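Peer 1: 3D, please:
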Amino acid sequence: MKSTLLYTGLFLASLLTAAEIVLLVVPHNADRAGSPGTTAPARPESRKDSLVAKIDTAVSKRDTVTVSAKDTLARTQTKHEGIAEAKGLRDSLELLRGQLAAEQNKVVAMEAKSAADTAHADSSAARERKVVAKLLEAMDAQGAAKILHTLDDKEVKEILFAVKKRQAGKILSSLDPERAARIIR
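Peer 2: Take a look at the predicted model:
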């Protein structure tokens, strides 16, 4: 019960204080200068009016300073956030550059291995062509033509380039004329 009375008393006191502030700050209808349909009589400035003007000026200055401080704080925070974001982006960029360099090194290593494998395969294929060429040189042209008949034109051309010219001519003359023409193109 005592606490209820206490809260009620505090509430009434705050209402009275608010009413006094309103009466000090807000002028009455008759006192308003420049309101439509009324003319304000010239009256000397009272102490009450000067205090209200000072309070209004102080409040507006305080509000201006508060807004200015909030704007400055917001700009500073935005600037710091932008700097932090830029640093984060730079770190991410450096990380991606490192990953790209590692991937490029892998690609270079794979290309080198592939080139070595291809060179090895080419050299072993060249050795095989030389062996086949030696065998075809030892055979008669008719028998060699029958064997080459089963291979495609590209393989026959490569083998004939490895065979001696005289034997290659004999083998070509033993092949079908249309196929011989395709091979020597």
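
Peer 1: Let me see the contact set for Glu158.
Peer 2: Arg129 (Cβ atoms under 8 Å, 6 or more residues apart in numbering). Yep, even glycine has a C-beta here, placed from its N, CA and C like the rest.

Peer 1: Distance-wise, check Val131 relative to Ile159.
Peer 2: 10 Å (Cβ to Cβ, to the nearest Å).

Peer 1: Counting neighbours, go ahead and name the busier of the two.
Peer 2: Ile159 (22 against 11; other Cβ atoms under 10 Å).

Peer 1: ok, that one to Ala141 distance?
Peer 2: For Ile159, the distance to Ala141 - Cβ to Cβ - is 14 Å.

Peer 1: what are the phi and psi values for Asp152?
Peer 2: When read as degrees, to the nearest 10, the backbone of Asp152 gives phi -80, psi 170.

Peer 1: So in this protein, where's the weakest helix or strand by average pLDDT?
Peer 2: helix 2-25 (a mean of 64; mean pLDDT, DSSP states H and E).

Peer 1: and the residue lying closest to Arg182 once chain neighbours are set aside, what is it in contact with?
Peer 2: Among residues not flanking Arg182 along the chain, Asp153 sits closest, at 5.4 Å (Cβ to Cβ, 6 or more residues apart in numbering). Neighbour list for Asp153: Arg179, Arg182, Ile183 [criterion: Cβ under 8 Å, 6+ apart].

Peer 1: Just the closest of the residues you listed to Asp117, please.
Peer 2: For the contacts of Asp153, the closest approach to Asp117 (Cβ to Cβ) belongs to Ile183, at 29.0 Å.

Peer 1: Neighbours of Ala126, how many?
Peer 2: 12.

Peer 1: er, Leu160 actually
Peer 2: Leu160, neighbours per other Cβ under 10 Å, totals 23.

Peer 1: Quickly find the element holding it.
Peer 2: helix 153-162 (DSSP states H and E).

Peer 1: and the gap between Asp71 and Ile83?
Peer 2: 19 Å.

Peer 1: can you check Arg166 too?
Peer 2: On the measure of Cβ to Cβ, Arg166 and Ile83 end up 83 Å apart.

Peer 1: Tell me the first helix or strand C-terminal of the helix or strand hosting Lys134.
Peer 2: For Lys134, the element it lies in under DSSP H and E is helix 47-138. Remark: after helix 47-138, the chain's next helix or strand is helix 141-148, criterion DSSP H and E.

Peer 1: Could I get the average pLDDT for that following helix?
Peer 2: Averaging pLDDT along helix 141-148 gives 89.
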